[in-house]
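Peer 1: kindly return the folded structure for what I paste below:
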Amino acid sequence: MAQYQPDDNEYAADDYEMADYSEDLEDEYPNGGRGDADSESDDDYEAITRPTDTSAAEARRGKDIQGIPWDRLNFTREKYRETRLEQYKNYENLPQIHDELNKVCKRTRKGGNFYEFYYNTRAVKPTIVHFQLRNLVWATSKHDVYLLSDYSVKHWSTISRKETEILNVAGAIVPSEVYPGNLEHGLQRVQISTMAVKDNLLVAGGFQGELICKFLDRSDVSYCSMLTYDENGITNAVEIYHSSSGANHFMTSSNDRGVRVFDTERFSLIGHFSFRWPVNHTSISPDKKLVLVVGDGAEGLLSDCQTGRTVATLEGHSDYSFASAWHPDGRIFATGNQDSTCRLWDVRNTKTSLEVLKGHLGAIRSIRFSSDGQFMAMAEPADFVHIYDTKDNYNKRQEIDFFGEIAGISVSPDAESIFIGVADRTYGSLLVYSRQHEYFYLDSLI
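Peer 2: A predicted model of the protein is given here:
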């Protein structure tokens with residue numbers, strides 16, 4: 001991934017926040033609405049910028065799902081969308097020939113309504129550290145979601161509508177338990193670049209190669225160490241999974257070209273594989289035999305989960321990849337790339353991809369399959385999440401349209417909810433969508 005050093009409180013996504021909106025407010029309400037004592041601008045400015053949640057009922061009555069007061073601005077939602085599509089610049093490491101790419105992309109039907117808007121809360125503020133890494137939202141149930149907010153990992157409950165801090169890394173992080181490799185004096189002020197939450201365990205990776213592990217039912221951090229001391233050792237991705245033996249493991253992907261495997265009982269390093277380029281993301285196949293590896297190369301790799309040996313090379317993308325996922329059937333898998341496409345592959349024939357799906361704005365930075373295999377969600381860097389019906393051969397899609405950089409997406413384990421973290425200084429929020437069901441009833445015959 002690209003070399004990038006973030007400032008403590010500055011995110012690359014700032015360049016693509018609602019700039020037109022902010023400029024419009026500044027023109028209409030100079031000094032942030034702080035006018036004369038007799039002026040009403042203070043109240044007007046506060047009314048427009050004050051964080052408010054949006055429920056499904058309010059959205060049905062016409063309220064914007066993000067609470068953006070379009071009727072009080074000097075431009076419409078449609079005009080702002082048009083401007084975003086024209087001006088948003090997709091980050092590319094390798095030059096692209098977009099006309100040629102468009103020719104191979106699948107034509108899909110828009111209009112699916114698989115998940116319905118449930119609510120949006122601005123009580124939580126998701127953030128990102130590196131503009132290419134967007135795996136910072138994780139659902140452990142349809143009621144529980146974890147996300148990064150500056151130097152803190154927060155838990156949000158859809159039932160209580162309350163936020164709870166799970167991990168704070170702004171100061172010293174000192175482990176409370178004794179494990180081999182644990183840093184006795186801990187770590188200081190970690191910028192979390194990626195994370196994963198599953199099976200009562202939070203694993204967070206840092207911008208300088210840090211690793212932090214915390215069980216959700218314990219108050220203190222259990223383990224912290226350095227994955228690498230490489231000067232470019234950022235942790236790009238983490239996956240928590242059950243091994244073929246049933247033991248809990250997690251895998252880290254790093255910019256030092258390394259993939260590391262740990263057990264969760266003693267946090268012992270049980271595997272370390274090196275690849276020819278920085279590794280941006282990995283996914284373990286459902287049968288635990290293969291690992292899908294993508295990184296700073298146009299090609300992807302299928303490797304043996306035990307040895308790291310490459311068993312297949314995936315050719316078709318034209319830039320670096322940052323997302324990957326397996327369908328629960330273990331046959332189909334997907335890769336997301338900065339060439340603005342998601343490619344679908346069949347493990348039985350990897351010579352060419354099955355389908356090529358394209359977004360609107362840019363790179364496909366996150367991909368998630370529902371646990372029942374019915375749907376695949378893919379996120380662009382901002383504004384759009386696309387949900388495909390896998391059983392309709394990905395022909396029909398639902399398009400979730402909003403404004404803001406995407407910190408991450410997550411499908412709940414029961415496939416009932418989709419969570420979208422929106423990283424924006426003004427309209428940062430958590431969007432929640434609930435699955436639609438069709439119920440058929442058999443009338444009684446008398």
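
Peer 1: wait, a helix at Ala363?
Peer 2: No: using DSSP: H, G, I helix; E, B strand; the rest coil, the assignment for Ala363 is coil, not a helix.

Peer 1: doesn't Thr335 make contact with it?
Peer 2: No: when contacts are counted by C-beta atoms under 8 Å, Ala363 is not listed as touching Thr335 (11.7 Å). All C-beta spots, glycine's among them, are computed from the backbone N, C-alpha and C.

Peer 1: can you pull the pLDDT of the residue nearest to Gly359 when sequence neighbours are not counted?
Peer 2: Spatially, and ignoring its direct neighbours in sequence, Gly359 is nearest to Glu380 (4.4 Å; C-beta to C-beta, 6 or more residues apart in numbering). pLDDT, Glu380: 97.

Peer 1: need the contact list for Glu380.
Peer 2: Ser340, Gly359, His360, Leu361, Gly362, Ala363, Ile364, Arg365, His386, Ile406 (C-beta atoms under 8 Å, 6 or more residues apart in numbering).

Peer 1: ok, so of those residues, who is nearest Ser157?
Peer 2: Distance to Ser157 across these (C-beta to C-beta) is lowest for Ile406, with 21.8 Å.

Peer 1: need phi/psi at the closest residue to that closest one other than its chain neighbours.
Peer 2: In space, Ile406 comes closest to Ala379 once its chain neighbours are excluded; the distance is 4.9 Å by C-beta to C-beta, 6+ apart. Note on Ala379: backbone dihedrals following degrees, to the nearest 10 are phi -110, psi 140.

Peer 1: helices or strands up against the helix or strand Trp138 falls within?
Peer 2: Element membership for Trp138, per DSSP states H and E: strand 137-141. Judged by 3 or more C-beta pairs under 8 Å, 6 or more residues apart in numbering; DSSP states H and E, the packing partners of strand 137-141 are strand 144-149, strand 192-198, strand 396-411, strand 417-423.

Peer 1: give me the beta-bridge partners of Tyr388?
Peer 2: Beta-bridge pairing of Tyr388 under DSSP bridges involves Met376, Arg397.

Peer 1: so who does it touch?
Peer 2: Neighbour list for Tyr388: Thr108, Gly112, Leu357, Phe375, Met376, Ala377, Met378, Tyr394, Lys396, Arg397 [criterion: C-beta under 8 Å, 6+ apart].

Peer 1: before we move on, back to that, got the helices and strands packed on strand 137-141 as TSV, with mean pLDDT, mean neighbour count and distance to Leu431 columns?
Peer 2: Output for the helices and strands packed on strand 137-141, formatted as TSV (pLDDT from 0 to 100; neighbours: other C-beta atoms under 10 Å; distance: least, C-beta to C-beta, whole Å):
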stretch	mean pLDDT	mean neighbour count	distance to Leu431
strand 144-149	98	24	11
strand 192-198	98	25	18
strand 396-411	97	22	7
strand 417-423	98	26	4
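
Peer 1: what about Glu58, which SS state?
Peer 2: helix.

Peer 1: ok, Thr83 next?
Peer 2: Per three-state DSSP, Thr83 ends up helix.

Peer 1: cool, Gly246 as well?
Peer 2: coil.

Peer 1: show the pLDDT at it.
Peer 2: At Gly246, pLDDT is 90.

Peer 1: show residues contacting stretch 340-355.
Peer 2: Contacts for stretch 340-355 (C-beta under 8 Å, 6+ apart): 90, 96, 98, 101, 105-106, 285, 290, 302, 312-317, 323, 330-337, 356-359, 361-364, 367, 378, 380, 394.

Peer 1: re earlier: can you say which of the contacts of Glu380 are buried?
Peer 2: Ser340, Gly359, His360, Leu361, Gly362, Ala363, Ile364, Arg365, His386, Ile406 (16 or more other C-beta atoms under 10 Å).

Peer 1: which one, of the helices and strands packed on strand 137-141, ends up nearest to Ala298?
Peer 2: strand 192-198 (22.1 Å).

Peer 1: got the angle for that closest one vs strand 137-141?
Peer 2: On the basis of axes from the mean of the first three to the mean of the last three C-alpha atoms, to 10 degrees, strand 192-198 is oriented at 10 degrees to strand 137-141.

Peer 1: give me the distance from strand 192-198 to the chain's centre.
Peer 2: 10 Å (C-alpha atoms, centre = their mean, to the nearest Å).

Peer 1: now stretch 373-387
Peer 2: Distance, centroid of stretch 373-387 to centroid of chain: 10 Å (C-alpha atoms, centre = their mean).

Peer 1: quick one, helices of this structure?
Peer 2: Remark: helices assigned in the chain by DSSP state H are 19-28, 41-49, 56-60, 77-87, 98-104.

Peer 1: elements contacting the third one?
Peer 2: Put plainly, it is helix 56-60. For helix 56-60, the packing partners by 3+ C-beta pairs under 8 Å, 6+ apart are strand 115-121.

Peer 1: direction included, what does the strand it packs on pair against?
Peer 2: With DSSP bridges as the test, strand 115-121 pairs up with strand 54-55 (antiparallel), strand 429-435 (antiparallel).

Peer 1: quick one: contacts for Ser274?
Peer 2: Arg257, Gly258, Val259, Gly308.

Peer 1: any stretches of the chain with poor pLDDT?
Peer 2: Within the chain, the segments meeting pLDDT under 70 span 2-51, 439-446.

Peer 1: one more time with 50, if that's ok
Peer 2: Applying pLDDT under 50 to the chain picks out residues 7-12, 19-20, 22, 24-26, 29, 31-38, 442-446.

Peer 1: between the buried ones among the contacts of Glu380, which sits nearest Phe273?
Peer 2: Nearest member of the buried ones among the contacts of Glu380 to Phe273, counting by C-beta to C-beta, is Arg365, at 23.5 Å.

Peer 1: which non-adjacent residue is nearest that closest one?
Peer 2: Arg134 (4.3 Å).

Peer 1: so in terms of bridging, what pairs with Tyr115?
Peer 2: Arg435.

Peer 1: wouldn't it be in contact with Tyr433 here?
Peer 2: Yes: using C-beta under 8 Å, Tyr115 is in contact with Tyr433, at 3.9 Å.

Peer 1: overlap in contacts, the two.
Peer 2: Ile400, Ser417, Ile418.

Peer 1: okay, the residues you listed in TSV with distance to Lys63 next?
Peer 2: Output for the shared contacts of Tyr115 and Tyr433, formatted as TSV (distance: C-beta to C-beta, whole Å):
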residue	distance to Lys63
Ile400	16
Ser417	21
Ile418	20
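
Peer 1: fine, thanks again, bye for now.
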